[in-house]
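Q: next comes the sequence, and after it the predicted model I'd like to discuss.
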Amino acid sequence: MSLEPDDLLAVGEVARRTGVAVSALHYYEQLGLIASTRTAGNQRRYPRHMLRRISLVVVAKRLGIPLADVQEVFTSLPLDHPPSQRDWRRVAKLWNDELELRRTQIDHLQRELTGCIGCGCLSLKACRLLNPEDALGSDGPGPRRI
């Protein structure tokens, strides 16, 4: 049995093929990341082109990209038919810009942490982590200088 591009897949088949739990698929649908149709028996059926969208959500999660960011990028993609190559190129450009920003931030963090952890001095004159009298506390919780 060969699948055609217009074939609809049951939720269990989509879960099996993407490795995503059925409950997560339902959640992604609530967020508008994917879409399904309903059978006469009210069962979900997903167009095959949703497999690519779901796979991109999985990859984004692995990269630490929040679902809200995925939603934002996916708003420009059609849900009712497969995106064109032009659509995917536009999305790839948006993702590339985001990934470049993350790469720059990670490189900066790595340099800061290497210097700080490698130093180990906690010098009152030189340490970037030093926070006399909790002066940075008014800026909110968490690390402020790294």
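A: On my side now, so go ahead. Residues are numbered from 1 along each chain as shown.

Q: what's the domain layout of this structure?
A: 1-65, 84-146 (automatic domain parsing).

Q: for Phe74, find the nearest of those domains.
A: domain 1-65 (5.7 Å; C-beta to C-beta). Using the backbone N, CA and C atoms, a C-beta is placed for each residue, glycine as well.

Q: for the record, mean pLDDT for that closest one?
A: For domain 1-65, mean pLDDT is 90.

Q: chain center to that domain, what's the gap?
A: 16 Å (C-alpha atoms, centre = their mean, to the nearest Å).

Q: same question, stretch 93-110
A: Using C-alpha atoms, centre = their mean, the offset of stretch 93-110 from its chain centre is 13 Å.

Q: residues in contact with it?
A: Leu63, Gly64, Ile65, Asp69, Val73, Ile146 (C-beta atoms under 8 Å, 6 or more residues apart in numbering).

Q: list the buried ones in it?
A: Buried residues in stretch 93-110, counted by 16 or more other C-beta atoms under 10 Å: Trp95, Glu98.

Q: okay, the domains of the chain in a markdown table with distance to Leu77 next?
A: Shown next, in a markdown table, are the domains of the chain (distance: least, C-beta to C-beta, whole Å):
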| stretch | distance to Leu77 |
| --- | --- |
| domain 1-65 | 7 |
| domain 84-146 | 6 |
